[in-house]
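S.K.: Next come a sequence and a model predicted from it.
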Amino acid sequence: MSHALKGRHALVTGGGRGIGAAIAAELNGHGAHVTLLGRERSRLEATSRGLAGSGAVVVADIADRAAVATAFAEARERHGDIDILINNAGQAASAPLARTDEALFARMLAVNLTGSYHCIHEAAPAMIARGFGRIVNVASTAGLKGYAYCAAYCAAKHGVVGLTRALAIEFAAHNITVNAVCPGFTDTDLVHDTLANIRKKTGRSEAEALAALVAHNPQQRLIKPIEVAHAVAWLCLPGAESMTGQSLAVAGGEVG
């Protein structure tokens, strides 16, 4: 690992597990001070103990604007202004449109899209003032294509990609890059919950449910969290300054 991010403060939402924990470890390995934000303090603290140096933990539901403001203020007290923001926190829910009520649709937007807006709104002013920032939104292949029975989630993740493109242009003159990383189905707790749901609804075996899920991926496998973390870190490291407004698919060739 390099020390290319030494002195930089990175905040990772949804940093307690899965992709978020892998990203936090990767950025920390490059020398960044890392703040983990999430809803479960005990899990965040357990992940933070595995990081080098003085990692910080702040608790908030990113759908709650006031809670986000309080958490970011606490993070700044520990490590100063945020140089790198990774919007990783999210939720997924599937249902046919007939069973996608307004509450489900609103929840998918609130966590996956509006939550990212809340966090960017807190971090961006200091980035603009200092003339440096790296923002990476962890979207999904669902932000680049459609999936049946996931209308609300797809709409939210498409919104994340649109937000990324718009802010990349708005912030370009301030040495702030804004990109999205779009994983396919990844080996996380969220996907294992999806597999359990498939088995419950269809009666398939675990192997059959997994085969159905990875059928979208030409490599016929789940993505590893570390693969997503490597892509995120690259966008934050020196040498990627001209990469902005991009949506990188980490999906084994599923999206061209």
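M.R.: Received it, and whenever you're ready, just let me know what you need.

S.K.: okay, how far is it across stretch 27-40, tip to tip?
M.R.: The separation between the terminal residues of stretch 27-40, taken as C-alpha to C-alpha, to the nearest Å, is 21 Å.

S.K.: Kindly report the same for stretch 126-136.
M.R.: The first residue of stretch 126-136 is 16 Å away from its last residue (C-alpha to C-alpha).

S.K.: tell me which residues of it are tucked away?
M.R.: Burial within stretch 126-136, assessed by neighbour count using 16 or more other C-beta atoms under 10 Å, is assigned to 126, 127, 128, 132, 133, 134, 135, 136. All C-beta atoms are positioned from the backbone trio N, CA, C, and that covers glycine.

S.K.: can you redo the residues you listed as TSV with secondary structure?
M.R.: Supplementary listing: the buried residues of stretch 126-136 in TSV, determined by DSSP: H, G, I helix; E, B strand; the rest coil:
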residue	secondary structure
126	helix
127	helix
128	helix
132	coil
133	strand
134	strand
135	strand
136	strand
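
S.K.: Give the single residue among those residues positioned nearest to residue 106.
M.R.: Distances from residue 106 to the buried residues of stretch 126-136, taken as C-beta to C-beta, are shortest for residue 135 (24.5 Å).

S.K.: for that closest one, what are its contacts?
M.R.: Counting by C-beta atoms under 8 Å, 6 or more residues apart in numbering, residue 135 makes contact with 84-85, 87, 120, 123-124, 127, 167, 171, 176-179.

S.K.: That one pairs with what?
M.R.: residue 85, residue 178 (DSSP bridges).

S.K.: In terms of pLDDT, where does it sit?
M.R.: With respect to pLDDT, residue 135 scores 99.

S.K.: Next SSE downstream of the helix or strand encompassing residue 181?
M.R.: Taking DSSP states H and E as the criterion, the element that holds residue 181 is strand 176-183. Using DSSP H and E, the helix or strand that follows strand 176-183 towards the C-terminus is helix 189-202.

S.K.: how far away is the residue positioned nearest the centre of the chain from residue 30?
M.R.: For the chain, residue 88 is the residue whose C-alpha lies nearest the centre (C-alpha atoms, centre = their mean; 1.8 Å). Using C-beta to C-beta, to the nearest Å, one gets 17 Å for the distance from residue 88 to residue 30.

S.K.: wait, doesn't residue 119 sit right on residue 15?
M.R.: No - judged on C-beta atoms under 8 Å, residue 119 makes no contact with residue 15 at a distance of 12.0 Å.

S.K.: Now list whatever residues contact both of the two.
M.R.: Overlap of the contact sets of residue 119 and residue 15 (by C-beta under 8 Å, 6+ apart) consists of residue 37.

S.K.: And the strands in the stretch 1-150 of the chain?
M.R.: Taking DSSP state E, counting those that start in this stretch as the criterion, the stretch 1-150 of the chain contains strands spanning 9-13, 33-38, 56-59, 84-87, 133-138.
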